[in-house]
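Visitor: quick one: sequence plus predicted model below, questions after.
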Amino acid sequence: MNPRDNEHAVPRYVDVTIVEFAAHTAYLDPLTGIGYLLTPRPGTDVEALRDPLVDAAWSDRLHDPERPVHLSLHSADREHALAHLGEQGWALLYDEDGGVEIAGRTSDRRQALCIYGQPTVENPTLEALDCAIIALDIAADLDFDAPAD
């Protein structure tokens, strides 16, 4: 390959959309329809407080679908983030075993969960997908040398 061939190469730009929630952060490339949902650091979750008076008040309505569920801070934020992203057409990507596909981890062990949406262009090229993945990896600060749990 001639080194001069790259001199006139068109630079590839990827506009990464960042959506911050209380504990999660989404990194999205709407053009290709790929993105990551970065989870909070492990060990920083706050468990839900259980109030016996509230539980007693709800005990009469055990079959009430509006019955409050005791969620930790991270669980509640994840539900909120996924609901918000879902309204925008984004969803978690599952692997063939039914688990959430993980793109990687940051140096502080935050997981990057793969999400997808409807691309804004019809049939994005492999080059566009490759550029988007590289841009998302950089934006989310993924560390491919970080040990897996």
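Guide: Yep, that arrived.

Visitor: just checking, A140 touches Y27?
Guide: Yes: counting by CB atoms under 8 Å, Y27 is a contact partner of A140 at 4.9 Å. (C-beta placed from N, C-alpha, C; glycine too.)

Visitor: what is in contact with these two at once?
Guide: Here A140 and Y27 have 36, 38, 112 as joint contacts, going by CB atoms under 8 Å, 6 or more residues apart in numbering.

Visitor: relative to G86, which of these is nearest.
Guide: Set against G86, the nearest of those by CB to CB is Y36 (15.6 Å).

Visitor: chain neighbours aside, what residue packs nearest to the closest one?
Guide: A112 (4.1 Å; CB to CB, 6 or more residues apart in numbering).

Visitor: next, count neighbours for that neighbour.
Guide: A112 has 23 neighbours, counted by other CB atoms under 10 Å.

Visitor: how about G89?
Guide: 11.

Visitor: tell me the contacts of the nearest residue to H24 once chain neighbours are set aside?
Guide: Counting by CB to CB, 6+ apart, H24 lies nearest to A81, which is 4.5 Å off, once chain neighbours are set aside. Listed by CB under 8 Å, 6+ apart, the contact set of A81 reads 19, 21, 24, 26, 37.

Visitor: re the thing from before, next SSE downstream of the helix or strand hosting the residue nearest to Y36?
Guide: Taking DSSP states H and E as the criterion, A112 maps to strand 111-116. Downstream of strand 111-116, the first helix or strand assigned by DSSP H and E is helix 126-139.

Visitor: buried ones in that following helix?
Guide: 128-129, 131-133, 135-137, 139 (16 or more other CB atoms under 10 Å).
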